[in-house]
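In: Below: sequence and its predicted model.
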Amino acid sequence: MDPTQLAKQTLAKIVAGVTGEAEPAVPGAPAPEPPSLTEPVEARAPLPPRHDQAAPEVRTATGVDTGAPPTARSQQETHLTTSTGVRLRDTDHSLKAGERGPTLLQDHHLREKITHFDHERIPERVVHARGAGAHGVFVGYGTADPVCKAAFLREGVETPTFVRFSTVLGSRGSADTVRDTRGFATKFYTTEGNFDLVGNNIPVFFIQDGIKFPDVIHAGKPHPDREIPQAQSAHDTFWDFVSLHTEAQHHTMWNMSDRGIPRSYRMMEGFGVHTFRVQNEAGETSLVKLHWKPQLGVHSLTWEEAQLLAGLDPDFHRRDLYDAIEAGAYPAYELGLQVFPDDPEQVFEGIDLLDPTKLVPEELAPVQPVGLMVLTGNPTNFFAESEQVAFHVGHLVPGIDATDDPLVQARLFSYVDTQLTRLGGPNFNQIPVNRPHAETNDMLRDGYHQHAVHAGVAPYRPNSLDGGCPFVAGADVPGSFEHLPARVAEGTKVRAQPASYDDHWSQARQFWSSMSAVEQEHIIRAYAFELGKCYEQVVKERQLQCLANIDARLCAEVAAGLGLPAPEPIVPLVDAEPSPALSQVGQTWPPDGRMVGIVVDPDGDLAGVEEVRAAVFAAGMVPLVIGPHGGTIGGLPVQRTFATVRSVELDVVLVAGSPVPAPDALPARDAKAGAAATATVDPRVVLLLEEAYRHCKVIGAWGAGATVLETAGVAGAPGIVRGDAAVEVLERVQEQMAGHRVWERFSA
């Protein structure tokens, strides 16, 4: 059997086991069972986790599988206790000297409860503070065997994973949908130890040397005097840095593209950024770049959607991820390798493979699929898992090693250093979500938060008192790590970089030339908006000079938006061969997990709505019934009302009737109601359609709903589907939505 098909069959069995016999349901229920109206008073065991929740395997601090269920770490008692297991009769009243007297120092329960609360927070990550995680499983295809001997890549091998997606610049409380780079970090719990692929959704970085990392982050973070703006690059210090530090221009171009505002973590590519050295069983080495390809394609929000969502639902990306997993629309990503000869120059087709600001176009080095990952479980506890997970580019396994890329070299130091402060000491790998699934026998001892109970008296080598254990693995022992051989050129200690790092323009120009017309329009708007937020005129002028060195039209259009003259380039503008793989437009993708809004009229075709709702569930999508009020309409559960819905949370809008203004369509109560007194259709439904139309989403209608399209002024445009039967309209809508958006609605 083809190894790819074998892996997909294996994952299908795993997914089927996770899904079970659960009926399709709209995600979002906060508890595994409906709550009672009155306060429960009869003692019962703690509720189990919801069906979509997973947790780290229960392993000892030294990696031994205990065989206990993941719930073994959850609460077990039916009654409230102290942290030492003593049952409590009261937790609502402090111990006082009389009912109106002072609180007594001897109240040890008060002291424990308040002290623990006072110390609940740990330092957030300096970067990637805003994140969301999920559990998954990776299955290797075996196609990596010719270049890499890592066990988790072998055919049919199942490896548990934990993935954390994140923004870079914002604090933990910032919005998900800001324009920013996204982190895509994956922890593989392999049989040979943990392997961490700590990547981004952009294949290149701002800087070429890790010593500059504090500079770029200080420039991107809020200004230190006012602590604003939060989670964005539209300010002076960022553009001051990147316009002076022109090696950042390539990454900046990606950030100003639609890649900077992804539609979903499920629709986001991941890149290892750096070049890694790998080795096969024969001892031969190659250089590789690693890629994650989402099965749903790479899609983005429109800029208006991103801005609306930052206010309407700042948790949009994490909610989308959690809801998709809960609904059984499991995100899937294919891991692939670009493979290059491991020659002394470490250059491929003129591209320096050690320069993290450069990519290798897929047309020159195709991405070769080596395995598939599916995310099947949400965290049971955000802090214990998503917040405490600790990634490190130095978590490598046999067959994979770092290169001399000066950015990754600094990261090899920085990640461990960071965890010491965030997680309270050197034993962060003993936190459950970080524990390896390979048994450990290190000689690391003591320190804060030591969970292992080490036996023996001789944590040193060589020793005889512990029988010589632990022993180092010789060359004849499989699965042992070694730094892969690489010749280091003789040289003098210098603070310098090779001349090949000096080209800061050609790949930024290639990215621009690879974009479709509509994507180029979005890039122009992004630069004009971001630079328009800067105060200092010279910063804008300097960045315009950088754009002139990339493309004349790009520079001229942005300059016009800023009301400034477009400068002439100061470097030759060499034509760049476009790379179609860089564009997000032009392919079709499956509908898994898409949100379908269905506008209903209590007097409309409710039978058709029931049919469509069932068909949407059957297609792996999620239907949201939108009505004039909550509760039910004709027996159909209403998930959104005209007052609460906005187009930004929907991928498709279906209109099943022509609802008149609802009783709450009062401008004093809901500003979206507008001129409800003179309207024949609820104005909020019209606004919903107008927004969906502007955002190039597919809109479908049948029966009386077709007249609402006329009222909204959107009938007859590309991507507008009208018909007589509900299910027939849905089928045609699905064909149209395969391209994600109807970009041809507006010519670029």
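Out: Yes, it's here. Numbering: from 1, shown residues only.
In: residues in contact with residue 408?
Out: The neighbours of residue 408, taking CB atoms under 8 Å, 6 or more residues apart in numbering as the test, are 210, 274, 356, 393, 402. Every C-beta, even on glycine, is put in place using the N, C-alpha and C of the backbone.
In: change it to 10 Å
Out: 198, 205, 210, 272-276, 354, 356, 393-394, 402 (CB atoms under 10 Å, 6 or more residues apart in numbering).
In: so where does it fall, helix or strand?
Out: Using DSSP states H and E, residue 408 sits within helix 406-422.
In: Mean confidence (pLDDT) on that helix, please.
Out: Across helix 406-422, pLDDT averages out at 93.
In: ditto for stretch 222-240
Out: 95.
In: who does the longest strand along the chain pair up with?
Out: In the chain, ranked by residue count with DSSP state E as the criterion, the top strand is strand 368-379. Neighbouring strands of strand 368-379 in its sheet, by DSSP bridges, are strand 53-54 (parallel), strand 131-140 (antiparallel), strand 332-341 (antiparallel).
In: hey, C-alpha coordinates of whatever helix or strand comes next after the first one in CSV?
Out: This points to strand 53-54. Following strand 53-54 in sequence order, the next helix or strand is helix 108-118 (DSSP H and E). This file holds the C-alpha atoms of helix 108-118, laid out as CSV (Å, rounded to 0.1, in the frame of the first residue of the first chain):
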residue,chain,number,x,y,z
HIS,A,108,-4.8,28.4,57.8
HIS,A,109,-7.4,27.8,55.2
LEU,A,110,-7.7,31.5,54.4
ARG,A,111,-4.0,31.8,54.3
GLU,A,112,-3.6,28.8,51.9
LYS,A,113,-6.5,30.0,49.6
ILE,A,114,-5.3,33.6,49.4
THR,A,115,-1.6,32.8,49.1
HIS,A,116,-2.2,30.4,46.3
PHE,A,117,-4.4,33.0,44.5
ASP,A,118,-1.7,35.7,45.0
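In: elements contacting helix 108-118?
Out: The contact analysis (3 or more CB pairs under 10 Å, 6 or more residues apart in numbering; DSSP states H and E) places helix 108-118 against no helix or strand.
In: Report whether residue 24 is found in a helix, as I expect.
Out: No. Under the criterion used here (DSSP: H, G, I helix; E, B strand; the rest coil), residue 24 is coil, not part of a helix.
In: element containing the closest residue to it other than its chain neighbours, please.
Out: Using CB to CB, 6 or more residues apart in numbering and skipping the chain neighbours, the partner closest in space to residue 24 is residue 617 (3.9 Å). Per DSSP H and E: residue 617 is located in helix 606-618.
In: can you pull the buried residues of that helix?
Out: 606, 608-609, 612-613, 615-617 (16 or more other CB atoms under 10 Å).
In: Moving along the chain from that helix, name the first helix or strand you hit.
Out: Sequence order places strand 622-627 as the next helix or strand after helix 606-618, per DSSP H and E.
In: next helix or strand past that next one?
Out: Proceeding N to C from strand 622-627, the next assigned helix or strand is strand 632-633, under DSSP H and E.
In: Go ahead and name everything in contact with the helix or strand that that next one is followed by.
Out: Where DSSP H and E defines the elements, the next helix or strand beyond strand 632-633 is strand 636-637. Residues from elsewhere that reach strand 636-637, judged by CB under 10 Å, 6+ apart: 25-26, 598, 600, 602, 606, 609-610, 613, 623-625, 627, 630-631.
In: if I read this right, residue 597 contacts residue 644, doesn't it?
Out: No. The pair residue 597 / residue 644 is not scored as a contact, 11.4 Å apart, by CB atoms under 10 Å.
In: Show me the common contact partners of those two, please.
Out: Common neighbours of residue 597 and residue 644 (criterion: CB under 10 Å, 6+ apart): residue 626.
In: These two: which is more packed in?
Out: Between residue 597 and residue 644, residue 597 has the larger neighbour count (other CB atoms under 10 Å), namely 25 against 14.
In: follow-up on the earlier one: for the contacts of strand 636-637, work out which two are farthest apart.
Out: Greatest spacing in the contacts of strand 636-637, by CB to CB: 25 and 602 (23.0 Å).
In: List the contacts of residue 46.
Out: For residue 46, the contacting residues are 71, 74-78, by CB under 10 Å, 6+ apart.
In: Now do the spatially closest residue to residue 485 that is not a sequence neighbour: how many residues are near it, please.
Out: For residue 485, ignoring the flanking residues on the chain, the nearest one in space by CB to CB, 6+ apart is residue 285 at 7.1 Å. By other CB under 10 Å, 18 other residues sit near residue 285.
In: Give me the distance between residue 285 and residue 537.
Out: Plainly put, residue 285 is 52 Å away from residue 537 if you go by CB to CB, to the nearest Å.
In: Next: residue 356.
Out: Separation of residue 356 from residue 537 (CB to CB): 32 Å.
In: cool, residue 232 as well?
Out: From residue 232 to residue 537 the distance is 20 Å (CB to CB).
In: and if you look at residue 633?
Out: Residue 633 is 57 Å from residue 537, by CB to CB.
In: Look at those two and report which has more neighbours.
Out: In this view residue 633 and residue 537 are compared by other CB under 10 Å, and residue 633 has more residues nearby, 20 against 10.
In: Report the contact partners of that one.
Out: Counted by CB under 10 Å, 6+ apart, residue 633 has contacts 600-604, 606, 609, 625-627.
In: Just the buried residues of the contacts of strand 636-637.
Out: In terms of neighbour count (16+ other CB under 10 Å), the buried residues within the contacts of strand 636-637 are 26, 598, 600, 606, 609, 613, 623-625, 627.
In: how about the helices in the stretch 501-650 of the chain?
Out: Remark: helices assigned in the stretch 501-650 of the chain by DSSP state H, counting those that start in this stretch are 506-514, 517-532, 537-548, 552-562, 606-618.
In: among these, which is the most enclosed?
Out: Most buried of these by mean neighbour count (mean count of other CB atoms under 10 Å) is helix 506-514; its value is a mean of 22.
In: tell me the angle of that helix relative to helix 537-548?
Out: Helix 506-514 runs at 70 degrees relative to helix 537-548, counting by axes from the mean of the first three to the mean of the last three CA atoms, to 10 degrees.
In: what about the closest residue to residue 236 other than its chain neighbours, neighbour count?
Out: Excluding the flanking residues, the one nearest residue 236 by CB to CB, 6+ apart is residue 534, at 4.9 Å. Around residue 534 there are 20 other residues, counting by other CB under 10 Å.
In: Am I right that residue 534 is in contact with residue 543?
Out: Yes. Counting by CB under 10 Å, residue 534 touches residue 543, with 8.3 Å between them.
In: one step back: may I ask you to confirm that the residue nearest to residue 485 is in contact with residue 279?
Out: Yes. Applying CB under 10 Å as the test, residue 285 and residue 279 come out as touching, 4.9 Å apart.
In: and residue 262, what is it in contact with?
Out: Applying CB under 10 Å, 6+ apart to residue 262 gives the contacts 165, 176-177, 180, 182, 201, 268-269, 294, 298-301, 306, 317, 584.
In: Now, these that are in strands?
Out: Secondary structure from DSSP E places 165, 182, 294 of these in strands.
In: between the residues you listed, which has the most around it?
Out: Most neighbours among these, by other CB under 10 Å: residue 165, with 29 neighbours.
In: Make a markdown table out of the contacts of residue 408 and add neighbour count, secondary structure and distance to residue 492.
Out: A markdown table is the format used below for those (neighbours: other CB atoms under 10 Å; DSSP: H, G, I helix; E, B strand; the rest coil; distance: CB to CB, whole Å):
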| residue | neighbour count | secondary structure | distance to residue 492 |
| --- | --- | --- | --- |
| 198 | 22 | strand | 32 |
| 205 | 26 | coil | 27 |
| 210 | 19 | helix | 21 |
| 272 | 23 | coil | 31 |
| 273 | 23 | coil | 29 |
| 274 | 24 | coil | 25 |
| 275 | 26 | coil | 24 |
| 276 | 23 | strand | 27 |
| 354 | 23 | coil | 19 |
| 356 | 26 | coil | 24 |
| 393 | 24 | coil | 27 |
| 394 | 15 | coil | 27 |
| 402 | 19 | coil | 23 |
